[in-house]
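**Q** fold the following, please.
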Amino acid sequence: MKKTPDPVMSNRCYLDNAATSWPKPEVVLAAMDRYHRELGVAAGRGATRAASEVDATIARCRQRAARLFNAESSDRIIFTFNGTDSLNVAIHGCLQPGDHVVASTLEHNSVLRPLSELRRRIGIETTFIEPEANGRVEPTKFREALRPNTKLVTLLHASNVTGVVQPIDDVGTLAQQAGALMLVDAAQTAGHLPIDVRNSPVDMLACPGHKGLLGPLGTGLLYLRLGIEQHVASFRQGGTGSLSEEDRQPERLPDKYESGNHNVPGLFGLEAALDWLEQHHISERHAHETKLRRRLIDGMASTKSVRLFAADLPDEFVVGVVSFVVDGFDPQEMAAILDQDFQVQVRAGLHCAPGTHRSLGTLEAGGTIRASFGPMTTVENVDRLLDALRQF
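**A** Numbers count the residues shown, from 1 in each chain. Sure thing, here's the model as predicted:
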């Protein structure tokens, strides 16, 4: 029986693209549906025509990701199950007892928690850099924190709370001069901003497939610069569909880090999403999302009950994320009201980034409300949020 559409859900105003992008391009849904209905086989586990098509699609997905980031070759792209998995593969893979890590306090828990676990379990050392008042880190503070035993420097490309873009090239140059590895968390910039790993001092770059890349949940990418795999042990071991006679994990890429069955339906969707991105210039997308961000900030300026964060930075230093609070309301309470009474969907809370909220002074108050944009977000979406906030 055909289900009647929910009138509330069909009227939803979605402004939570920093958590996951929605709606997805139709080609993404079609690719996943076709895989399930017409193919349905595992990757690298057979020689049938269906298996050959699956393998070709996954290879094409890897090639598209390599082109997007200007990687040296497609085997530099490792498929993971999300951005957190990518970061864990990199962090757990490269650190040994006694290693020192420099990171910012702005990092997501997907970085903070692995570092905390390794500090407790094997005794790594960590130094955290606080941001300046404008939300950006000062590269010289990273230089001052470097030690002879610094193995890793990690920095998010843009904050998932404020959207502030960080100076990854400046910090990466300092890391490489000190002989440390540079890991970038691109969860909020991949697909939103141009990223050129071949011409940037980035050794490892991690991102999910379901945010700015517009793919489905359960997909992620990890880029490794040529030769970096020698410094990053395999995080997990198991079947790869290759060299099955050996009892050790293959050393060749990408097999070294891709154990077990791939999320094939997810990668079909991600391949279609990356194809869609190739047809739509990232610079145009950034301009669109920047325009929406500015419209929201300008509109909130006349709403006395709203307090904004990191709203004054030039457009080149931010992505399409706006954090705010409404006087007299807990962030979670206001988000619930916006959803229930206005069908406007935003994200409230600490956003898995407690250090960022500590620097903003919003940690004890339960965080902020966050609106975030994607290519499908419209001016009408922004105006609906503004109209709702003017009621308070």
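
**Q** quick one: the helices in the stretch 1-150 of the chain?
**A** Along the stretch 1-150 of the chain, the stretches classed as helices by DSSP state H, counting those that start in this stretch are 7-10, 26-34, 49-69, 83-94, 109-121, 139-145.

**Q** would you mark the buried spots in the third one?
**A** Okay, so that is helix 49-69. 51, 54-55, 57-58, 61-66, 68-69 (16 or more other C-beta atoms under 10 Å). In this view, the C-beta of every residue, glycine as well, is placed from N, C-alpha and C.

**Q** please save the CA atoms from it in PDB.
**A** Output in PDB follows, covering the C-alpha atoms of helix 49-69 (Å, rounded to 0.1, in the frame of the first residue of the first chain):
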ATOM      1  CA  ARG A  49      29.500  -9.600 -14.800                       C
ATOM      2  CA  ALA A  50      27.700  -8.100 -11.800                       C
ATOM      3  CA  ALA A  51      30.800  -8.300  -9.700                       C
ATOM      4  CA  SER A  52      32.900  -6.700 -12.500                       C
ATOM      5  CA  GLU A  53      30.400  -3.800 -12.700                       C
ATOM      6  CA  VAL A  54      30.600  -3.300  -8.900                       C
ATOM      7  CA  ASP A  55      34.400  -3.300  -9.000                       C
ATOM      8  CA  ALA A  56      34.400  -0.800 -11.800                       C
ATOM      9  CA  THR A  57      32.100   1.500 -10.000                       C
ATOM     10  CA  ILE A  58      34.100   1.500  -6.800                       C
ATOM     11  CA  ALA A  59      37.300   2.100  -8.900                       C
ATOM     12  CA  ARG A  60      35.500   5.000 -10.500                       C
ATOM     13  CA  CYS A  61      34.500   6.400  -7.100                       C
ATOM     14  CA  ARG A  62      38.100   6.300  -6.000                       C
ATOM     15  CA  GLN A  63      39.200   8.100  -9.100                       C
ATOM     16  CA  ARG A  64      36.600  10.800  -8.700                       C
ATOM     17  CA  ALA A  65      37.700  11.400  -5.100                       C
ATOM     18  CA  ALA A  66      41.300  11.600  -6.200                       C
ATOM     19  CA  ARG A  67      40.400  14.200  -8.800                       C
ATOM     20  CA  LEU A  68      38.400  16.200  -6.300                       C
ATOM     21  CA  PHE A  69      41.400  16.500  -4.000                       C
END
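
**Q** between helix 26-34 and that helix, find me the angle.
**A** 150 degrees (axes from the mean of the first three to the mean of the last three C-alpha atoms, to 10 degrees).

**Q** what's the answer for the fourth one, then?
**A** Relative orientation of helix 83-94 versus helix 26-34 (the same axes, to 10 degrees): 80 degrees.

**Q** what's helix 83-94 packed up against?
**A** Applying 3 or more C-beta pairs under 8 Å, 6 or more residues apart in numbering; DSSP states H and E, we find helix 83-94 packed against strand 77-80, helix 109-121, strand 150-156, strand 181-185, strand 204-208, strand 220-224.

**Q** what about the shortest one, average pLDDT?
**A** Yep, that's strand 77-80 we're talking about. Averaged over strand 77-80, pLDDT sits at 98.

**Q** contact partners of it?
**A** Residues outside strand 77-80 that contact it (C-beta atoms under 8 Å, 6 or more residues apart in numbering) are 58, 61-62, 65-66, 69, 71, 86, 89, 206, 219-224, 253-254, 257-258, 262-263, 267.

**Q** give me the sheet partners of that strand and which way each runs.
**A** Strand 77-80 pairs in its sheet with strand 220-224 (antiparallel), by DSSP bridges.

**Q** touching the strand it pairs with from outside, list them.
**A** 65, 69, 71, 76-86, 89-90, 190, 197, 202-209, 213, 232, 253, 257.

**Q** please apply the same query to stretch 167-179.
**A** With contacts defined as C-beta under 8 Å, 6+ apart, stretch 167-179 is touched by 102, 136-137, 139, 142-143, 146, 150, 153, 155, 157, 181-182, 184, 200-203.

**Q** in three-state terms, how would residue 211 be classified?
**A** The local conformation at residue 211, judged by DSSP: H, G, I helix; E, B strand; the rest coil, is coil.

**Q** may I have stretch 92-112 as CSV, with CA atoms only?
**A** Output in CSV follows, covering the C-alpha atoms of stretch 92-112 (Å, rounded to 0.1, in the frame of the first residue of the first chain):
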residue,chain,number,x,y,z
HIS,A,92,45.8,5.0,15.9
GLY,A,93,47.9,3.9,12.9
CYS,A,94,50.7,6.4,13.2
LEU,A,95,51.2,6.9,17.0
GLN,A,96,53.5,4.9,19.2
PRO,A,97,54.3,5.1,23.0
GLY,A,98,56.0,8.3,23.8
ASP,A,99,55.0,10.2,20.7
HIS,A,100,53.9,13.8,21.1
VAL,A,101,50.9,15.3,19.3
VAL,A,102,50.0,18.9,18.8
ALA,A,103,46.3,19.7,18.1
SER,A,104,43.9,22.6,18.6
THR,A,105,41.2,22.7,21.3
LEU,A,106,38.7,23.2,18.5
GLU,A,107,38.9,19.6,17.4
HIS,A,108,35.9,17.3,17.2
ASN,A,109,35.6,14.4,19.6
SER,A,110,36.6,12.2,16.7
VAL,A,111,40.1,13.5,17.3
LEU,A,112,40.0,14.4,21.0
